[in-house]
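[1] please work out how this folds:
(2 chains)
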Number of protein chains: 2
Amino acid sequence: MTTPPLNVADVVEQVRAGDLAAVVTRAHAWEPADLADVLSALDDEERLALVQLLPAELASQALVEMPASEHAEETLAALPAHRAADIVDELDDDDAADILGGMDPEEAERILSAVEDRRDVDRLLRYDEETAGGRMTMHLIKVLTHETAGEALDSIRRQAEEVEDFYRIFVVDAAGVLRGILPLRELVVARPERPVAEIMLEPDVSVPPEMDQEAVARVLSRYNLASVPVVDAGGRLLGRITFDDVIDVVEAESTEDILRFGGTSADENIGAGWRDAVRSRLPWLALNLCTAFLAASVVYANRDLIERMTTLAALMPVIAGMGGNAGTQALAVTVRRIALGLVPKGTARRVVGKEALVGLSNGLVIGTLVALVSLLLGQGVMLGLAVFLAMTGNLLVAGVVGAFVPVLLERKGIDPAVASSIFVTTFTDICGFFFLLWLADRLLL
Amino acid sequence: MTTPPLNVADVVEQVRAGDLAAVVTRAHAWEPADLADVLSALDDEERLALVQLLPAELASQALVEMPASEHAEETLAALPAHRAADIVDELDDDDAADILGGMDPEEAERILSAVEDRRDVDRLLRYDEETAGGRMTMHLIKVLTHETAGEALDSIRRQAEEVEDFYRIFVVDAAGVLRGILPLRELVVARPERPVAEIMLEPDVSVPPEMDQEAVARVLSRYNLASVPVVDAGGRLLGRITFDDVIDVVEAESTEDILRFGGTSADENIGAGWRDAVRSRLPWLALNLCTAFLAASVVYANRDLIERMTTLAALMPVIAGMGGNAGTQALAVTVRRIALGLVPKGTARRVVGKEALVGLSNGLVIGTLVALVSLLLGQGVMLGLAVFLAMTGNLLVAGVVGAFVPVLLERKGIDPAVASSIFVTTFTDICGFFFLLWLADRLLL
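    Numbering: from 1, shown residues only, chains lettered A, B, ... in the order given. The predicted structure follows:
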């Protein structure tokens, strides 16, 4: 970027020094995203104090850009109704619906009742937040099938006062049914007397309002569209979704995948306090405690063996742990392959087969290394053999499980990222303990 | 979507049945992304056979949309030079540079020498693939500062023959220096006699050609731009990067993060064969084997203790494993918070403090559960106390380490996702073993 980035820490200090008026003056020159960074870095009270003083237009632009939407919701809820309503008035209809939809319904109603024109927001609030309907804006530019290019241009000039960015113009008939797409480019290069119906393109891709936002993101990304129309079952144009909403969705999806992969609830509000975090993570830990006891019971049942050969207690976690790591690798790669559409139907066997081969190869190498260390420590050839076989077997299992679990879940219609590493690790723990103890029992005693 | 999705498996079967001609005929009606799915689902030979028969235009559009770019590269490399050159001729300059840049330089040169006009591609190939220069296209629409709106429109009509999509028009002076941005919308609504210099906007954001592609993605996403100009140090306009490239980058970044998080090389080519996978994962496993031996040595040093109390061998992995899970949760949340810019300078202590509190709370609950189970199994009060304290301590450590490691790496300028769960797990393994064995030694014997 050519403009120097804003020093957020400096501004935060200025706010904390109480010099709010100076910050408000400076804020006029910033990009909304920069002001949003400043607001994010402040604590709740400071943020509220600054938003109180900002012009409604600046405040609305910055709240939309805040990375943690709950901060925007909390700030709006803490403002007096008329002040919050001023900010909502400045928001685009879809952004207003996003923020108000995430708030307590009574709070949202308190603010909405003070908003000047709430019809669009009310309509959008009827849709689930995470669907095409919840993401779309109703602000769009449309022309009629029977207009000429010249008439359409005049009409667009008028509508452009209201609609900030547009990338494609929608052509509808008298009943509001989407009949075509008029790329601005086609209109610009057309002679004014040509009828719109002649230069418009067939409406290529459209989405229904109830489509999940992740599916909408895939449609836009797949067909490289700057905006996609939302139409109801009768073909009537309801709104449009633009690429910037989709980038937000792709980022949110990435957050969900990483959180799930890390074994925490994908809904964990990553900007929230420690109590919320405990609430969303404790159930997963408790579930995992049960599976950990399952693995521990394999060890517990073999206490005699361990008493006779305590070296096993040191080797057990090495074999189980390496299996967990190899399984997590296979899982990460497979989850991502599925997300990118690289595992179409009929290729599941090939995917699992590849991971099995990878697991076996890595197992042979790592197994040899562990066996060598065991031999160097003077633990005897038979223990070395047991360690080698257990490690190789566990890494083979890790590859198969790490690939099979997400593929299976995907086929059953469950998001494969749910197969968080926690479950794969449990499996490799049990197998690791079992393989080593069983082999030691057979080969050594 | 209103159009029914293509049944890829059906088409694949048709190809395997040898009915290639029919598939080629049908392919004319498909979206490029759909044809790309078909190509992805085929094996190397089948894919090559189909691409040989496709018209160059269809083949080029589909190759660009293939989720695994290495498939496109291999296919192009396997074609006769003149045929590959026909396809490259049909590609946008940036897509051609992406594909050829990923190939063996000799292979790329063999194809390029048969390409009609290779100047643009050659220029783009000079930039690193993962920078703004490597991602940009040089096909853009520009007008001159001294033109009127009417002249500019005429000029755009001519240029529009060559440039497929454009979202913003760039205004340059006689020296090629970027002087302004002319949103198509402004031009459409302006009277023809107005000078361009009056209606253009200041160039808001631009990026240098050497900027990393991830940083470019953040710029577009942050400022909600459909396209951003790339300018050299002298301010001369070199090219533009559009939102669809950015969606691809965000997706690729998400792949990298998940792979790193899963403890495999972020460069792992997820469409490649098993040998490549072994090569990219084995080093990480070998590294982790060293750290696993470190943890094992804690156990090994306490063999006497375990011999006297074998129940410890069963409890050890439970405490170490739960610490690993809690640490991975803290890591996932913190990595994501950093990626979304929620951890500005000066807040590191707050972030680590929050995770410590979460770890302690979860530790108290999970520790109590484990202690209860231990008591119910008749293992005595003192062992129950040791287990409780070890679990609580390890989950507290897990929270601190899981948050501290990525924050520290980020401050040092290293991508925090590198702090893959492997390292956090090693730490919690060592602490888990040590806490339990040390406490058991103190309290019980």
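[2] hey, C-alpha coordinates of the worst-scoring helix or strand of chain A on mean pLDDT in PDB?
    When the helices and strands of chain A are scored by mean pLDDT, DSSP states H and E, helix A:184-189 comes last with a mean of 75. What follows is helix A:184-189, C-alpha atoms only, in PDB (Å, rounded to 0.1, in the frame of the first residue of the first chain):
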ATOM      1  CA  LEU A 184     -22.200  -2.600 -17.200                       C
ATOM      2  CA  ARG A 185     -19.500  -3.100 -19.800                       C
ATOM      3  CA  GLU A 186     -22.000  -4.300 -22.500                       C
ATOM      4  CA  LEU A 187     -24.200  -1.300 -21.800                       C
ATOM      5  CA  VAL A 188     -21.300   1.100 -22.000                       C
ATOM      6  CA  VAL A 189     -20.200  -0.300 -25.400                       C
END
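[3] other residues contacting that helix?
    Applying C-beta atoms under 8 Å, 6 or more residues apart in numbering or on different chains, the contact partners of helix A:184-189 are A:149, A:152-153, A:156, A:166-169, A:199-201, B:153, B:156-157, B:160, B:165-166, B:184-185, B:187-188. Where C-beta positions appear, they are placed from N, C-alpha and C, glycine not excepted.
[4] now restrict the residues you listed to buried residues only.
    Among those, those buried by neighbour count (16 or more other C-beta atoms under 10 Å in any protein chain shown) are A:149, A:152-153, A:156, A:166-169, A:199-200, B:153, B:156, B:160, B:165-166, B:184-185, B:187-188.
[5] in strands, which of those residues appear?
    Among those, the members found in strands (DSSP state E) are A:168-169.
[6] how far out from the middle of the chain is the least confident helix or strand of chain A?
    36 Å (C-alpha atoms, centre = their mean, to the nearest Å).
[7] stretch A:135-143 and chain B, any residue contact?
    No: applying C-beta under 8 Å from any C-beta of the partner chain, one finds stretch A:135-143 separated from chain B by no less than 9.1 Å.
[8] in that stretch, what counts as buried?
    Judged by neighbour count (16+ other C-beta under 10 Å), stretch A:135-143 contains these buried residues: A:135-143.
[9] over to stretch A:404-413?
    Here stretch A:404-413 shows A:404-407, A:409-410 as buried, counting by 16+ other C-beta under 10 Å.
[10] by proximity to chain B, which residue of the stretch 301-445 of chain A wins?
    Nearest to chain B, among the residues of the stretch 301-445 of chain A, is A:Ala332, at 2.4 Å (C-beta to the nearest C-beta).
[11] any idea of the mean pLDDT in the strand or helix carrying that residue?
    Per DSSP states H and E: A:Ala332 is located in helix A:311-339. Averaging pLDDT along helix A:311-339 gives 89.
[12] centre of the chain versus it, how much separation?
    Centre to centre, stretch against its chain (C-alpha atoms, centre = their mean), the figure for helix A:311-339 is 25 Å.
[13] hang on, the earlier thing: among the buried residues of stretch A:135-143, which lie within helices?
    Members of the buried residues of stretch A:135-143 lying in helices (criterion: DSSP state H): A:Arg135.
[14] tabulate the buried residues of stretch A:135-143 (JSON lines), appending distance to B:Leu364 and pLDDT.
    Output for the buried residues of stretch A:135-143, formatted as JSON lines (distance: C-beta to C-beta, whole Å; pLDDT from 0 to 100):
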{"residue": "A:Arg135", "distance to B:Leu364": "41", "pLDDT": "88"}
{"residue": "A:Met136", "distance to B:Leu364": "46", "pLDDT": "91"}
{"residue": "A:Thr137", "distance to B:Leu364": "47", "pLDDT": "89"}
{"residue": "A:Met138", "distance to B:Leu364": "50", "pLDDT": "88"}
{"residue": "A:His139", "distance to B:Leu364": "51", "pLDDT": "86"}
{"residue": "A:Leu140", "distance to B:Leu364": "54", "pLDDT": "89"}
{"residue": "A:Ile141", "distance to B:Leu364": "58", "pLDDT": "88"}
{"residue": "A:Lys142", "distance to B:Leu364": "59", "pLDDT": "90"}
{"residue": "A:Val143", "distance to B:Leu364": "64", "pLDDT": "93"}
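[15] which of the buried residues of stretch A:135-143 lies closest to chain B?
    For the buried residues of stretch A:135-143, the residue nearest chain B by C-beta to the nearest C-beta is A:Ile141; the value is 9.1 Å.
[16] where does A:Arg240 land in three-state SS?
    Following DSSP: H, G, I helix; E, B strand; the rest coil, A:Arg240 is assigned to strand.
[17] what about it, distance to A:Met136?
    Look at A:Arg240 and A:Met136: by C-beta to C-beta, to the nearest Å, they are 6 Å apart.
[18] please, where are all the strands along the stretch 201-350 of chain A?
    A:227-231, A:237-242 (DSSP state E, counting those that start in this stretch).
[19] now mean neighbour count and mean pLDDT too, for those, in CSV please.
    Output for these, formatted as CSV (neighbours: other C-beta atoms under 10 Å in any protein chain shown; pLDDT from 0 to 100):
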stretch, mean neighbour count, mean pLDDT
strand A:227-231, 25, 93
strand A:237-242, 24, 92
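[20] of all those, which one comes closest to A:Asp117?
    Set against A:Asp117 and scored by C-beta to C-beta, the strands of the stretch 201-350 of chain A come closest in strand A:237-242, at 16.3 Å.
[21] for A:Ser361, which non-adjacent residue is spatially closest?
    Counting by C-beta to C-beta, 6 or more residues apart in numbering or on different chains, A:Ser361 lies nearest to B:Val278, which is 4.6 Å off, once chain neighbours are set aside.
[22] same deal with A:Ala348?
    Nearest to A:Ala348 is A:Val407, by C-beta to C-beta, 6+ apart, at 4.8 Å.
[23] spatially central residue in chain A, please.
    Geometric centre of chain A, nearest residue: A:Glu253, 1.5 Å, by C-alpha atoms, centre = their mean.
[24] these two touch, right, that one and A:Glu214?
    Yes: using C-beta atoms under 8 Å, A:Glu253 is in contact with A:Glu214, at 5.7 Å.
[25] shaky segments in chain A?
    Applying pLDDT under 70 to chain A flags the ranges A:1-5, A:164-166, A:266-267, A:270-272, A:418-420, A:445.
[26] care to break chain A down by domain?
    Chain A breaks down into these domains under automatic domain parsing: A:8-126, A:142-243, A:274-444.
[27] out of those, which is the most enclosed?
    Comparing the domains of chain A by mean neighbour count (mean count of other C-beta atoms under 10 Å in any protein chain shown), domain A:274-444 ranks first with a mean of 22.
[28] now do the end-to-end distance for that one.
    50 Å (C-alpha to C-alpha, to the nearest Å).
[29] circling back: which residues do A:Arg240 and A:Met136 both contact?
    Joint contacts of A:Arg240 and A:Met136 (C-beta under 8 Å, 6+ apart) are A:Val230.
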